[in-house]
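A.B. asks: pasting the structure only:
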C-alpha cells in the first residue's frame, strides 16, 4: 500500500506521536508511508522513525483550500492508495479534494474527547475509547472502529535509566519524585496541572517530595508563578517546570509516581511506573486492578465534580507513598496490561486490517454531507474570527491565567 498519514499538527503531543509511531510500524510491515503536515517540532521525530516528510502549506483557515489542492496533487502524483487523517480539520482537507474528486479512500482518527460533527457522516472513523466509539456509532453512518492509543513497548520499557534525569534536576535520594509529562495547554490539561501543583503544596508540609512538570505551552508562565509561590512558602524546590523534552522516557523512568492522562499515562505504565490518572474538573484516580474497568471504557481520563482544592489528589499520593508494595504491584500490572492490550504491534495489526477493508470498498461521497460539513466548518471559522467572540475568549483566558497565578482554583467565570 502507498499511504499518506496526516496528523492534525506536529507540535509535541501524545496523539501526534501515536500517529507517527503507527505510521512507522506500518512502514516496517512493508508498506510505503509518508507523513504530511505543517512543519513543527516533531519533524525530527518523523525522520528518526525513518519516514518521509511532506511539508504542508501554512494557512489559518480550516479546511484550508491550498492544502485541499496540495493533498489532491500529492495523492495523484504519488498514486496514494489511502489517506489517514487525524482530527476533523485534517479530515476535511483530505475529503474535499483527494477523496471527493480523486476517490482516494479516507480514514479519519478522532482522539478528541468528543465526537466531532464536522466529520462527514459516511467517512470511516477510528475513535480512541469504547465510550466514544459507542457515541460515534449512534450518530455516524460510516464504519466506526475503536483503537486505543498504541504504545511502542519495545522502546518504552522498565529498563530505562532514570538516574540522569534525577541528577539533572537535583532530586535528592530521599525525595519522592512525582512527574507529569504534558503539554502546558489551557484546554484539557491546565486543571490537572494546577491540581498537581496544589497537591504538592499540601504534601510538602509533611513529606519530602518533588513535583516536576515536563512540557511547554501557553500556560507555562502562569504555572511558573504558582510553582514559585509554593517553593517560596516551603523555602525549598518543591515544584519544577522542566520544559519540553522530545524524548521524555528518562523523566518517566525517574519517577516514583507519574500523574498523567491519555497516551502519557500509558507510556508511564509501559515504563513500569505507578500511576494516578488525571482528567478535568478535579478528576483523579489511582490506576490498579480495581479501577481498570473505568479506564477501559472512558479512556485514561475523566471528569469529576469541579471541587475546590487538591485534597483528593494529595490523599491518593499520600496513600501510595505509604505503600511501596502497592506501587510495585500497580506498576507491574500496568506494564503487563500495556504489553497485552495497548502495544504498537497489536495496534498495527488492527490498523492494517482496517486499511484492507477500506481499500476493498469505494469511498461514499454524499453531496448533502459535504455541504453540511462545509457549513459547520465555516461556522467555526466565522466564530473564530468574530471580534466579539475573540474578546470573550480573551477575557476567559485572562481569568483562567489570573486564577492560576493568584493561587485559587477553579476560576470563577461570573460576570464574563
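C.D. replies: Yep, that arrived. As the structure is a computational prediction, the values presented were derived from the model and not from experiment.

A.B. asks: How is the chain partitioned into domains?
C.D. replies: The chain breaks down into these domains under automatic domain parsing: 2-150+344-379, 163-341.

A.B. asks: hey, least reliable of those domains by pLDDT?
C.D. replies: Ranked by mean pLDDT, these bottom out at domain 2-150+344-379, with a mean of 92.

A.B. asks: what residues are up against residue 13?
C.D. replies: Taking CB atoms under 8 Å, 6 or more residues apart in numbering, we find residue 13 in contact with residue 183. Bear in mind the C-beta positions are built from the backbone N, C-alpha and C, glycine included.

A.B. asks: Quick check: the gap between it and residue 255.
C.D. replies: 20 Å (CB to CB, to the nearest Å).

A.B. asks: Ok, residue 219 next?
C.D. replies: Residue 219 is 21 Å from residue 255, by CB to CB.

A.B. asks: For the closest residue to residue 227 other than its chain neighbours, grab the count of nearby residues.
C.D. replies: Once flanking residues are discounted, residue 227 sits nearest to residue 239: 3.8 Å by CB to CB, 6 or more residues apart in numbering. For residue 239, the count of nearby residues is 25 (other CB atoms under 10 Å).

A.B. asks: OK, contacts around residue 239?
C.D. replies: Taking CB under 8 Å, 6+ apart as the test, what residue 239 contacts is 197, 200-201, 210-213, 226-227, 230-231.

A.B. asks: Of those residues, which is the nearest to residue 21?
C.D. replies: Distance to residue 21 across the contacts of residue 239 (CB to CB) is lowest for residue 213, with 23.5 Å.

A.B. asks: Bridge partners for the closest one, pull those for me.
C.D. replies: Residues in a beta bridge with residue 213, per DSSP bridges, are residue 180, residue 241.

A.B. asks: so how far is residue 117 from residue 142?
C.D. replies: For residue 142 relative to residue 117 (CB to CB), the value is 13 Å.

A.B. asks: repeat for residue 399
C.D. replies: Distance, residue 399 to residue 117, by CB to CB: 28 Å.

A.B. asks: Among these two, which residue is more densely surrounded?
C.D. replies: Neighbour count, other CB under 10 Å: between residue 399 and residue 117, residue 399 has more, with 16 against 13.

A.B. asks: Hmm, residue 409 and the more buried one touching each other?
C.D. replies: No. In this structure residue 399 lies outside contact range of residue 409 using CB atoms under 8 Å: 11.7 Å.

A.B. asks: that older thread, adding distance to residue 394, write the domains of the chain out as JSON lines.
C.D. replies: Shown next, in JSON lines, are these (distance: least, CB to CB, whole Å):
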{"stretch": "domain 2-150+344-379", "distance to residue 394": "17"}
{"stretch": "domain 163-341", "distance to residue 394": "12"}
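
A.B. asks: which one of the ones you listed lies closest to residue 404?
C.D. replies: Closest approach to residue 404 among the domains of the chain (CB to CB): domain 163-341, 3.8 Å.

A.B. asks: The domains of the chain: which one's closest to residue 393?
C.D. replies: Set against residue 393 and scored by CB to CB, these come closest in domain 163-341, at 10.0 Å.

A.B. asks: Endpoint to endpoint, the closest one covers what distance?
C.D. replies: With CA to CA, to the nearest Å as the measure, domain 163-341 spans 29 Å from end to end.

A.B. asks: One more: stretch 146-163?
C.D. replies: End-to-end for stretch 146-163, by CA to CA: 37 Å.

A.B. asks: Stretch 153-162 too?
C.D. replies: OK, stretch 153-162 end separation, CA to CA: 17 Å.

A.B. asks: Just give me how far that stretch sits from the chain centre.
C.D. replies: Computed by CA atoms, centre = their mean, to the nearest Å, the chain-centroid distance of stretch 153-162 equals 20 Å.

A.B. asks: so what does the top helix by length along the chain touch, helix or strand wise?
C.D. replies: When the chain is parsed with DSSP state H, its longest helix is helix 387-406. Under the contact definition 3 or more CB pairs under 8 Å, 6 or more residues apart in numbering; DSSP states H and E, helix 387-406 sits against helix 190-203, helix 220-234.

A.B. asks: what ranges do the strands span in the chain?
C.D. replies: Secondary structure of the chain (DSSP state E): strands at 2-6, 32-37, 52-55, 82-86, 106-110, 125-127, 144-146, 176-181, 209-214, 239-243, 257-260, 275-278, 284-286.

A.B. asks: Please report the distance of residue 195 from residue 50.
C.D. replies: Separation of residue 195 from residue 50 (CB to CB): 39 Å.

A.B. asks: Many thanks, have a good one.
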